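[1] Sequence first, predicted coordinates after that:
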Amino acid sequence: MPTNDDLDMLQWDLDSHVESAELYLEDRRYNEAIACLNAALALDACHFDSLRLRATAFAGLGSGEAFEADVEKCIQLAPHRVEPYLMMKDHLLSRGKIYEAIQLLRTATFRVYFDDPELVRLKDAYEQLKSTEYNHLIQLPAEIITLIFSFLPFTTLVTCIAVSRTWHNSLISIPALWGYIDFGNPAVHKQQSIIASLQNFSFLGTIYRLRVSLCDRTLGVLMRSNQCNIRELDITGYSVRVDDLLLVMAMRQLGSTWQRVSISSAIRTPRIFFTAAAIFCPQLTALTIKSFYHSTPDTNNNDQEVEYDIMDDLGISVDDTTPLAIQTLTLEQSVLNTSTLQALFSRCAGVQKFAFIQCKSMLSSGRFFDTMVRFLPTTTTINNMIIEQVNTNGYETCIFGIHPTDLCTMLRTRPPKHLNLNKCDMYRESVEAIVESMSSGTLLRYNRTFYMNQAKSRATLQTCMRVDRTWQMIVDEIERETIQTWMDSQGWDEDDYMYYDYYEDMMYEEW
């Protein structure tokens, strides 16, 4: 074992090498300093000061990899020391690695139970670096900021405003970022906060796309801010019904630029909306009616009186038949009574595309397509009709039932040029009846397009229908075998089969 004299001599040699290296570093003689520090590390490979000084010498020579290796070893030897973290931070910043520097300082924010000046210095550097990164981003040209932030959803964009005052002032000064306002999620945005926020955002710039839950106060904010350049309007949020007269006044002031509109049950009297849209919205080309439930009896005198009073106040004739400018009409998860459908279809002179999505209760009533045929203007040409109905419980409650008489009648009298049933769950008998009713146009089914006036295409369709029928038979057989196996495993006898229907439903859900 080394004696105390040997240890003292070793320490004296070590200190001598370190002192010589410090003198060389002051004179910027980095190679000589590294030679002295190598000699010191040969005596003690884990000497912290020698590693720190050698890293400084490597930095002076521009040897980045050697510098990083020595600093990382310093951090491993003394993770409580602040100086290696700050050295590495400055090195990373010199190479433009701001994010890596922030991550390094984040790991270095260890806790102490007294006011350590070095720790305060470390935390100050950390906070300053974070603000430097944020400010570095926000100081980009406005065109680049607009391009970057335009990919963010509206809720994230609102969060960015709260980062700092610099971010707030910079972002709100770019009107292009606030052209799309989305307050349509009632689970996230409460009505009172929507009104307050919309009032602020309305004065930041021109709104081109607006998704908001409609109420009387919302209409008031839009009218006061004179947002007369809205092109896309989605008001399918809350179902709080708005005042009809206020809605028509808003449409007269703001509706001249509306091109795509989605409405819901917030519209109290739909016939008034259709009339106002026909008169005040000349650019409205697409109308979506979503989650609209207006199935009150057709002979509702109160609605008619309200409609007549509002028309009279606006100076509009009750018998006005101005057609809507829409070219695409979409009904989604909606139920409209016959008189409302009549008022809608009678104004659809220019509609070329109809889409009916998840409207089973309305389409399968047996009167929908008959009403559509009788009240659509004779000049209307249906280029495209889409029917989508995805059942959640298999084919138990399939749309149209076994035979879609109402739809087949329309296909014979006023067939669309293209019928899309690709996403419509139907009985195979219904598909066969539809195919027999179509003598022209195209049918999209089984992910393929069939030309109904071509024998070869119809033959291919029949083959697909047979394959579909065979596949359904296979599925039914597998289901029956599964149920039979289950009943046998329960020890059922023939008398128990009288309860088959009940257990079939139960087993279908379990299977």
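    Sure, I can see it.
[2] Tell me how many other residues surround residue 371.
    Using other Cβ atoms under 10 Å, residue 371 is surrounded by 19 other residues. Bear in mind the C-beta positions are built from the backbone N, C-alpha and C, glycine included.
[3] Also residue 453?
    11.
[4] Surely it and residue 438 touch.
    No. Using Cβ atoms under 8 Å, residue 453 is not in contact with residue 438, being 9.0 Å away.
[5] For residue 34, list the residues it contacts.
    Neighbouring residues of residue 34 by Cβ atoms under 8 Å, 6 or more residues apart in numbering: 21, 54, 57-58, 61.
[6] does it sit in a helix or strand, and which one?
    helix 30-43 (DSSP states H and E).
[7] CA-only coordinates of that helix in CSV, if you can.
    Taking C-alpha atoms only, helix 30-43 is exported to CSV below (Å, rounded to 0.1, in the frame of the first residue of the first chain):
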residue,chain,number,x,y,z
TYR,A,30,-3.9,24.9,-25.8
ASN,A,31,-1.6,22.1,-26.9
GLU,A,32,0.8,22.5,-24.0
ALA,A,33,-2.2,22.8,-21.6
ILE,A,34,-3.6,19.5,-23.0
ALA,A,35,-0.2,17.8,-22.5
CYS,A,36,-0.1,18.8,-18.8
LEU,A,37,-3.7,17.8,-18.3
ASN,A,38,-3.1,14.4,-19.9
ALA,A,39,-0.2,13.9,-17.5
ALA,A,40,-2.5,14.8,-14.6
LEU,A,41,-5.2,12.4,-15.8
ALA,A,42,-2.6,9.7,-16.1
LEU,A,43,-2.2,10.0,-12.3
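[8] Other residues contacting the helix or strand just after that helix?
    Scanning forward in sequence from helix 30-43 by DSSP H and E, the next helix or strand is helix 48-61. Outside helix 48-61, the residues within contact range by Cβ under 8 Å, 6+ apart are 14, 17-18, 21-22, 25, 28, 30-31, 33-34, 37-38, 40-41, 44, 64, 66-67, 70-71, 73-74, 77-78, 81, 83-84, 87, 91.
[9] Buried subset of those residues, written for ChimeraX?
    Here is the ChimeraX selection string for the buried members of those, based on 16 or more other Cβ atoms under 10 Å:
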select :14,17,18,21,25,30,33,34,37,40,41,66,67,70,71,73,74,83,84,87,91
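[10] I'd like the list of the contacts of helix 48-61 that fall within helices, please.
    14, 17-18, 21-22, 25, 30-31, 33-34, 37-38, 40-41, 64, 66-67, 70-71, 73-74, 77, 83-84, 87, 91 (DSSP state H).
[11] where does the closest residue to residue 423 other than its chain neighbours land in three-state SS?
    Nearest residue to residue 423, sequence neighbours excluded (Cβ to Cβ, 6 or more residues apart in numbering): residue 388, at 4.4 Å. Three-state call for residue 388 (DSSP: H, G, I helix; E, B strand; the rest coil): strand.
[12] Was I right to think residue 388 contacts residue 355?
    Yes. Counting by Cβ under 8 Å, residue 388 does reach residue 355; the two are 7.5 Å apart.
[13] Number of residues surrounding residue 170?
    20.
[14] With the one 5 residues further on instead?
    Applying other Cβ under 10 Å, we find 12 residues neighbouring residue 175.
[15] just the one 3 residues further on next, same as before
    The local packing of residue 178 (other Cβ under 10 Å) involves 20 other residues.
[16] Is residue 449 in a helix, a strand, or coil?
    Applying three-state DSSP: residue 449 is strand.
[17] Quick check: closest non-adjacent residue to it.
    residue 442 (5.4 Å).
[18] Tell me the pLDDT of residue 203.
    If you check residue 203, the pLDDT there is 68.
[19] And the helix or strand where residue 309 lies, what's buried?
    Assessed by DSSP H and E, residue 309 sits inside helix 301-314. Using 16+ other Cβ under 10 Å as the test for burial, helix 301-314 gives 303, 306-307, 310-311, 314.
[20] Where is pLDDT lowest across these?
    Minimum pLDDT across the buried residues of helix 301-314 falls on residue 303, with 64.
[21] mind listing the helices in the stretch 351-500 of the chain by residue range?
    360-363, 368-375, 405-413, 428-437, 455-489, 500-510 (DSSP state H, counting those that start in this stretch).
[22] pLDDT at the residue positioned nearest the centre of the chain, what is it?
    When Cα atoms, centre = their mean is applied to the chain, the residue found nearest the centroid is residue 153 (7.6 Å). Note for residue 153: predicted pLDDT of 80.
[23] What residue, apart from its backbone neighbours, is nearest it spatially?
    Using Cβ to Cβ, 6+ apart, the nearest residue to residue 153 is residue 182, at 7.2 Å.
[24] I figured the one you found hits residue 213, correct?
    No. Taking contacts as Cβ under 8 Å, residue 182 lies outside contact range of residue 213: 11.0 Å.
[25] Between those two, which is the more surrounded one?
    Neighbour totals were compared for residue 182 and residue 213, and residue 213 leads with 23 against 17 (other Cβ under 10 Å).
[26] can you list the weak-confidence ranges in the stretch 1-150 of the chain?
    Applying pLDDT under 70 to the stretch 1-150 of the chain flags residues 1-8, 96, 98-99, 109-123, 126-140, 142.
[27] Which parts of the stretch 51-200 of the chain are strands?
    180-183 (DSSP state E, counting those that start in this stretch).
[28] ranges for the helices of it?
    64-77, 83-94, 98-107, 117-138, 142-149, 154-161, 165-172, 191-201.
[29] Just name whatever secondary elements the first one is in contact with.
    What it means is helix 64-77. helix 48-61, helix 83-94 (3 or more Cβ pairs under 8 Å, 6 or more residues apart in numbering; DSSP states H and E).
[30] Report the angle between that helix and helix 48-61.
    160 degrees (axes from the mean of the first three to the mean of the last three Cα atoms, to 10 degrees).
[31] which other residues reach helix 64-77?
    With Cβ under 8 Å, 6+ apart, helix 64-77 has contacts from 46, 48, 51-52, 54-55, 58-59, 81, 84-85, 87-88, 91, 95.
[32] Show me which of those residues are buried.
    Buried residues within these, counting neighbours by 16+ other Cβ under 10 Å: 51-52, 54-55, 58-59, 84-85, 87-88, 91.
[33] Quick one: the residues you listed as JSON lines, columns for distance to residue 466 too.
    Formatted as JSON lines, those follow (distance: Cβ to Cβ, whole Å):
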{"residue": "51", "distance to residue 466": "80"}
{"residue": "52", "distance to residue 466": "82"}
{"residue": "54", "distance to residue 466": "82"}
{"residue": "55", "distance to residue 466": "79"}
{"residue": "58", "distance to residue 466": "79"}
{"residue": "59", "distance to residue 466": "79"}
{"residue": "84", "distance to residue 466": "76"}
{"residue": "85", "distance to residue 466": "74"}
{"residue": "87", "distance to residue 466": "77"}
{"residue": "88", "distance to residue 466": "72"}
{"residue": "91", "distance to residue 466": "73"}
